[in-house]
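Asks: Provide a 3D model corresponding to the input given below.
(one chain, ligands or ions: 2)
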Amino acid sequence: MKNETLTMVGLYEMAMASTSSRSSMSTSAVVALTDVQKEYDRGGTSVTALDTVSLSLPAGSYTAVMGPSGSGKSTLLNLIGALDTPTTGSVVVDGTTVSTLSEAERAELRGTTIGFIFQTFNLMPRLTAIENVALPLSFMGVSRGERRDQAASLLADVGLGDRLEHLPRELSGGQQQRVAIARALVADPSIILADEPTGNVDTETGAEIMELLQTANDNGNTILLVTHSRRIAEHADRIIHLQDGDIIERERLDGV
Ligand code: ADP
Ligand code: MG
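Replies: Ligands and ions are numbered 1, 2, ... in the order given. Next up is the predicted model:
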């Protein structure tokens, strides 16, 4: 929950972060982690959540992360999503070294460069579907009319063209997740981060959500997906297996 809240807060922080600190450092990878270690302090004891992980996500790739509970999957996603910074090592997202950014700059990076999809959908409860999807654009200087046009078009793409004015609570779980996918795509992010996006929906709805992610990837979006399910992970081009904070296997799937 903490991280979902942070993301939402980030959208608002962006309104205040006026300067961009994106460097023009060129890299073929959308995301590059080099010797990343993340330690948490838990009651005076240090817990190593990630232990010298190096990883590169090429533009247009589709990567799944699997591993038992506590293996560091969410920590990895939070570091790439600029919700947190590494203890040592570097995280570069879209040419920007995340650890050099201020809080406000990280919030801006989250809003403009990263699309988040969560297990719990995490829509703004008082905003309609179209307002939820348009929200990221309101911090990017896009006019109100244009925001609504883009949001309506994306909602139509995910099959919700007739649900624009519904509130989240008036939508099924699957519909809410489709709104969340539209919201994740609206700012044309460099990477989509999805943490167990099918965890709270039935199998059939899960298949529909995976189809939407596949379409996003076919359209050139780079995707990093955390899942417990081998069947879900097999939608990706490759699977990274985490255990105790280490990458223990990098698997490339057939047909790539
Ligand atoms: P996963 O998502 O694979 O279940 P996490 O990345 O959430 O794993 O956690 C990895 C390890 O780091 C676990 O041992 C977890 O208890 C610990 N951890 C994660 N977040 C925190 C935190 N904010 N404070 C202390 N320990 C944490
Ligand atoms: Mg997790």
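Asks: for the residue in the stretch 51-200 of the chain positioned nearest to ligand 2, give me the pLDDT.
Replies: Closest approach of the stretch 51-200 of the chain to ligand 2 (CB to the ion) occurs at Ser74, with a separation of 3.2 Å. Quick note: C-beta positions are derived from backbone N, CA and C, even for glycine. What the model reports as pLDDT for Ser74 is 94.
Asks: what do you get for Asp218?
Replies: Model confidence at Asp218 (pLDDT) stands at 95.
Asks: residues near it, how many?
Replies: Using other CB atoms under 10 Å, Asp218 has 10 other residues around it.
Asks: in space, what's closest to the residue of the stretch 51-200 of the chain closest to ligand 2 - neighbours in sequence excluded?
Replies: In space, Ser74 comes closest to Asp195 once its chain neighbours are excluded; the distance is 6.2 Å by CB to CB, 6 or more residues apart in numbering.
Asks: quick check: phi and psi on the one you found?
Replies: Main-chain dihedrals, Asp195, degrees, to the nearest 10: phi -100, psi 100.
Asks: my read: it touches Leu224, true?
Replies: No: Asp195 lies out of contact with Leu224 (CB atoms under 8 Å); the separation is 9.3 Å.
Asks: quick check: neighbours shared by those two?
Replies: By CB atoms under 8 Å, 6 or more residues apart in numbering, Asp195 and Leu224 have these common neighbours: Leu77.
Asks: pLDDT score assigned to the residue in the chain sticking out farthest from the centre?
Replies: In the chain, Gly44 marks the outermost C-alpha relative to the chain mean, sitting 30.8 Å out by CA atoms, centre = their mean. Looking at Gly44, its pLDDT is 89.
Asks: please apply the same query to Asn200.
Replies: Note on Asn200: pLDDT of 89.
Asks: on the three-state scheme, it is what?
Replies: Classification of Asn200 using DSSP: H, G, I helix; E, B strand; the rest coil returns coil.
Asks: again with the one 10 residues further on
Replies: In three-state terms, and counting by three-state DSSP, Met210 is helix.
Asks: gap between stretch 120-139 and the chain center?
Replies: 15 Å (CA atoms, centre = their mean, to the nearest Å).
Asks: need the contact partners of that stretch.
Replies: 1, 4, 7-8, 11, 14-15, 111-112, 116, 146-148, 150-152, 154-155, 160, 163-169, 171, 173, 176-177, 179-180, 182-183, 186-187, 200.
Asks: buried stuff in it?
Replies: 121-123, 128-139 (16 or more other CB atoms under 10 Å).
Asks: distance from whichever strand or helix holds Arg178 to the middle of the chain?
Replies: For Arg178, the host element (DSSP states H and E) is helix 173-186. Between the centre of helix 173-186 and the centre of its chain there are 12 Å (CA atoms, centre = their mean).
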